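Engineer: Give the three-dimensional model of this entry:
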Amino acid sequence: MLFNTIEFVFFLPVVVILYYLLPVKFRWIMLLAASYIFYMAWKVEYIFLIAFSTMIDYFSGIMMEKQTEKKSRRPYLILSLLTNLGLLFSFKYFNFTSSNLNSLIHFMGLNKDIPLMNFLLPVGISFYTFQTLSYSIDVYYGRQKAEKHLGYFALYVAFFPQLVAGPIERFSRLTPQLKMRHDFTYENLANGLRLILYGLFIKMVIADNLSAVVDKIYADPSQYSSIDIIKGVGLYSFQIYSDFYGYSIIAIGSALIMGIHIMDNFRTPYLAKNISEFWQRWHISLSTWFRDYLYYPLGGNRVVRQRWMINILIVFVVSGIWHGANWNFLIWGALYGIIYLIEKLINDSFKLEKKHKPYSFGHLALAAKTFIFVTIIWVFFRSQSFTEAIAVFKFILTNGNTATETLNLPISTLIFLAIFIISDVILYNYRFDKWSGNLPFVIRWSVYSVLIFAIIVFAGVDNFPFIYFQF
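Structural biologist: Below you'll find the predicted structure:
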């Protein structure tokens, strides 16, 4: 089992203390060891997958840089692609592909089956494979020099704060920081702890308490009234946001204490005015990855309109599949692509969307529209199958006031959820560490006290794993 939230809180100070006590030239060794220990706490043998992928990409990068022509570099890029995507396919998509092929084989009247593999999905495999793939692609195109130091490259792949759920960092941004000398500063410590504190609050107090409620709704929506199901669907929007956002800022804060700046992964996405802006504010590291390594190579918007529309759909569908081997994720991605195109075409034709000042009526109205779309689409993400997703919508339409169970949300959870929503509005285009650091002393420490009190007293009873660990 991967470190839970509390265990990580004890693991991090040990790493930070050793980091600053050790001479600079030995710090990478300690960080790499800590990163591998962090991952092996989940499943020891799967560390060999990271090590294998690291060795292949390190070798591929070195060999590509030695070649003067793209044609000569191509075999090593293919080696990197086949290795990383091959591992990803084998562990994440093989059984999904085999199951669908078996259904097709049975439909054709044949009595044969493709065997399934009984492997546990390596936690975070989609994140670290994409991170190392970006390096190989950049070296191939000459945008990045190959890393000669195996240790620093291995640390780039496995850096523990963002190893299992991102943000997905670029080599050119992260590795130079790993090589730099970072002296202990109060500013980095204070800002890092502020982010960790806020991340723990929204994960343990918001996400974990909402999980217990949302899980009951999705386990059997037929037992709840239409209103309660709608409430549960809406609450999931905040559950997944607070869960993933919480992890991201804990990761950013953990790295910041050591002087390492990781990119922001969220910027108040539920205040986005349209789907396009939503994806500029949600899981930013993945959105920019697909932009740079899929959308642009497909031609981006420098193609005829029909081809551009296909490019958009491809990116969103692949993004959906990235999240999981399930038809629901494909549908989830496709729906985003369709709504994105519809909004774009309507706006281009009628110029309905104008520039709105933050918090203006026009801004909030458009944000509400986007939130409703996103919340509806989340049903496909949360459901275990397409049939289950359709059942949720069916019971919303047919259950009315009929219910054998009642949705009970503690008043404390409602209060802290309201605080989280208000804080998200306040932090529009800001980050919690900078915002809170500029508050007067008394107000600042009052905020800290409320967050600490909430974590101690109102944290969820059950320890729910971070949702994005499964990807």
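
Engineer: For the residue in the chain sticking out farthest from the centre, which three-state class applies?
Structural biologist: Centroid-distance maximum for the chain: Gly109 at 41.4 Å, with Cα atoms, centre = their mean. At Gly109, secondary structure determined by DSSP: H, G, I helix; E, B strand; the rest coil is coil.

Engineer: could you dump the helix or strand of the chain with the lowest mean pLDDT to PDB, C-alpha only?
Structural biologist: Ranked by mean pLDDT, DSSP states H and E, the helix or strand of the chain with the weakest confidence is helix 94-107, at a mean of 82. Coordinates of each C-alpha in helix 94-107 appear next as PDB, following Å, rounded to 0.1, in the frame of the first residue of the first chain:
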ATOM      1  CA  PHE A  94      -4.300  -5.300 -22.700                       C
ATOM      2  CA  ASN A  95      -7.300  -6.800 -20.800                       C
ATOM      3  CA  PHE A  96      -9.700  -4.100 -22.100                       C
ATOM      4  CA  THR A  97      -8.600  -4.800 -25.700                       C
ATOM      5  CA  SER A  98      -8.700  -8.600 -25.200                       C
ATOM      6  CA  SER A  99     -12.100  -8.500 -23.600                       C
ATOM      7  CA  ASN A 100     -13.600  -6.500 -26.500                       C
ATOM      8  CA  LEU A 101     -11.800  -8.800 -29.000                       C
ATOM      9  CA  ASN A 102     -13.300 -11.800 -27.200                       C
ATOM     10  CA  SER A 103     -16.700 -10.300 -27.500                       C
ATOM     11  CA  LEU A 104     -16.200  -9.800 -31.200                       C
ATOM     12  CA  ILE A 105     -14.900 -13.300 -31.600                       C
ATOM     13  CA  HIS A 106     -18.000 -14.700 -29.800                       C
ATOM     14  CA  PHE A 107     -20.200 -12.600 -31.900                       C
END
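
Engineer: immediately after that helix, which helix or strand?
Structural biologist: helix 125-140 (DSSP states H and E).

Engineer: In this structure Ser172 contacts Gln144, no?
Structural biologist: Yes - between Ser172 and Gln144 there is a contact under Cβ atoms under 8 Å: 5.8 Å. Glycine gets a C-beta too; all of them are placed from N, C-alpha and C.

Engineer: Touching both of these two, which residues are there?
Structural biologist: Common neighbours of Ser172 and Gln144 (criterion: Cβ atoms under 8 Å, 6 or more residues apart in numbering): Asp138.

Engineer: Mind checking which of the two has more residues around it?
Structural biologist: Neighbour count, other Cβ atoms under 10 Å: between Ser172 and Gln144, Gln144 has more, with 20 against 13.

Engineer: on that earlier part again, check the gap between the residue farthest from the centre of the chain and Thr97 for me.
Structural biologist: With distances taken as Cβ to Cβ, to the nearest Å, Gly109 is found 21 Å from Thr97.

Engineer: Neighbours of Gly61, how many?
Structural biologist: Neighbours around Gly61, by other Cβ under 10 Å: 27.

Engineer: what about Val146, neighbour count?
Structural biologist: Val isn't right for residue 146; it's Ala. By other Cβ under 10 Å, 20 other residues sit near Ala146.

Engineer: Next: Thr402.
Structural biologist: 12.

Engineer: With Thr375 instead?
Structural biologist: By the criterion of other Cβ under 10 Å, Thr375 has 17 neighbours.
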